[in-house]
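Q: Quick one, fold the following:
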Amino acid sequence: MINLYIINFLLAASTTIGMTIIPLLSVEVIGISLFLFALIEGVGEFSSNIIKLISGYLFDKLKNKKRLFFIAIILAFFSKLLLIIPNIYTLISTKFLERLSNGFFASPRDAFVGVMSGHKKGMSLGILNSSRALGCVFGSIVTSFYLSKELSFALIANLIIFATFLCFISFVLSCLMKDFTKKIIKKETAKYSSIELIKDNYELYIIIFLFFCARFNDGLIILFLKQNSIEPWFYLSAIGIFNSISFLIAPFLGMILDSKHKKIAVYITFFSLVIFNTIFIFCKTLDLKMAFLALFFWGIQRVGSQVCFTKLLFNNVSKEKYGTACGVMNLFVGLGSFIAALIGGYLVSYNFSYVFIFSLLLTSMSLLFFYKKYRFINDSKHF
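A: Now for the predicted structure:
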């Protein structure tokens with residue numbers, strides 16, 4: 001699975017570079033409105049989660065599962081290449097292809113790791129998310145370093161070429177991957193149909209949905225820090241900071257999930273989001289120390305939600321349904337994130353504190369659902 005970890009790192013780095021460049025090209029070069037840009041972002045993100053459901057289902061059905069990785073990487077390659085010609089049409093096409101690529105990659109990636117990792121699913125998922133976070137940090141550092149002195153299209157074009165090259169390396173590595181999932185899955189006996197899978201795990205999907213309704217967009221954090229007069233170097237590095245925390249924390253959460261104290265990892269995830277919101281609600285004078293502490297807990301819950309919820313699903317379904325289970329989960333994640341973006345954008349127009357209060361309430365509801373469902377369950381079949 002080493003190849004997949006490296007591919008995950010490279011695609012995350014390439015995507016981060018693209019996500020940083022696209023707003024600059026959209027607003028500064030092309031001149032589209034912020035509303036239109038936000039609309040394109042929202043529709044693209046929601047579409048990606050629908051594709052994740054489809055790709056997860058295809059992962060369970062296709063014999064050659066690496067085909068989905070090929071498709072994802074080729075789409076990512078062309079999504080970066082189109083940025084060389086910046087206009088409204090290539091921008092929309094780029095965003096569509098990039099989210100399409102993410103949709104084809106995410107669910108099969110998680111399912112592939114779940115199938116191949118045996119009894120160490122927690123650690124494997126931790127390493128997987130750690131590689132993604134490291135890629136985000138790397139992409140953020142490269143972009144900020146390269147564009148910090150001068151913002152010109154010539155420099156942006158060089159970054160686009162670099163991001164495209166990362167996709168090319170990913171494609172080569174995907175060709176070298178060995179797919180043993182067919183042999184492993186063949187030994188398993190299917191326990192659920194797709195409908196039964198959703199029916200038997202609907203409570204967990206509700207928990208996931210509520211949690212991601214509380215998870216507003218990362219951009220709101222940057223705007224909040226800016227509004228509170230935090231130094232520019234800090235709020236511009238916020239995404240890199242909390243992804244660094246995610247990179248460091250992910251393997252430890254994976255180890256806990258593979259131990260006898262599995263539920264602790266989930267509670268760490270919930271309470272990290274609770275503490276994050278509490279800091280921003282009650283901290284009257286926000287300085288760099290408190291801002292960093294808040295980003296520390298944001299980074300924990302960010303990676304924790306991905307690792308813990310995926311591990312919970314893998315414990316409840318057979319390997320033949322890993323892809324579909326991940327796809328359905330990502331659909332609920334997408335719905336929750338879309339609602340969080342809409343409500344967060346509305347509340348922030350009144351007061352930033354309302355956003356954090358709303359997030360705290362939804363996190364508490366999600367935590368309560370989890371506690372009621374899992375407090376008496378200790379056997380490995382369920383957790």
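
Q: Provide a list of residues in contact with residue 1.
A: Residues near residue 1 by Cβ atoms under 8 Å, 6 or more residues apart in numbering: 112, 113, 116, 117, 124. C-beta: built from backbone N, CA, C; applies to glycine.

Q: my guess is the second one meets residue 7, correct?
A: No. Because the distance of 11.7 Å does not satisfy Cβ atoms under 8 Å, residue 113 is recorded as not touching residue 7.

Q: Compare these two (neighbour count), which wins?
A: Looking at residue 113 and residue 7 with other Cβ atoms under 10 Å, you find the greater number of neighbours at residue 7, namely 26 against 22.

Q: so the more buried one, which of the three states?
A: The three-state assignment at residue 7 reads helix, by DSSP: H, G, I helix; E, B strand; the rest coil.

Q: how about the strands of this structure, start to end?
A: Taking DSSP state E as the criterion, the chain carries no strands.

Q: looking at it, which helix or strand is least sure?
A: Every helix and strand of the chain was ranked by mean pLDDT, DSSP states H and E. The lowest is helix 181-186, at a mean of 62.

Q: dump the residue contacts of the most centrally placed residue in the chain.
A: Geometric centre of the chain, nearest residue: residue 306, 7.2 Å, by Cα atoms, centre = their mean. Counting by Cβ under 8 Å, 6+ apart, residue 306 makes contact with 125, 129.

Q: separation between it and residue 207?
A: 14 Å (Cβ to Cβ, to the nearest Å).

Q: distance of residue 220 from residue 244?
A: 20 Å.

Q: Quick check: residue 123 touching residue 253?
A: No. Between residue 123 and residue 253 there is no contact under Cβ under 8 Å: 9.3 Å.

Q: Among those two, which residue is more densely surrounded?
A: residue 253 (28 against 21).

Q: Near the nearest residue to residue 98 once chain neighbours are set aside, how many other residues are there?
A: Once flanking residues are discounted, residue 98 sits nearest to residue 79: 4.0 Å by Cβ to Cβ, 6 or more residues apart in numbering. Neighbour count of residue 79, defined by other Cβ under 10 Å: 27.

Q: for residue 79, what are its contacts?
A: Counting by Cβ under 8 Å, 6+ apart, residue 79 has contacts 18, 93, 94, 95, 97, 98, 100, 101.

Q: what does residue 226 give?
A: Per Cβ under 8 Å, 6+ apart, neighbours of residue 226: 232, 235.

Q: where's it relative to residue 106, distance?
A: Taken as Cβ to Cβ, the span from residue 226 to residue 106 is 30 Å.

Q: follow-up on the earlier one: generate JSON lines for the contacts of residue 79, with pLDDT and neighbour count as supplementary columns.
A: Formatted as JSON lines, the contacts of residue 79 follow (pLDDT from 0 to 100; neighbours: other Cβ atoms under 10 Å):
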{"residue": "18", "pLDDT": "82", "neighbour count": "24"}
{"residue": "93", "pLDDT": "83", "neighbour count": "16"}
{"residue": "94", "pLDDT": "83", "neighbour count": "26"}
{"residue": "95", "pLDDT": "80", "neighbour count": "24"}
{"residue": "97", "pLDDT": "89", "neighbour count": "20"}
{"residue": "98", "pLDDT": "86", "neighbour count": "24"}
{"residue": "100", "pLDDT": "89", "neighbour count": "21"}
{"residue": "101", "pLDDT": "92", "neighbour count": "26"}
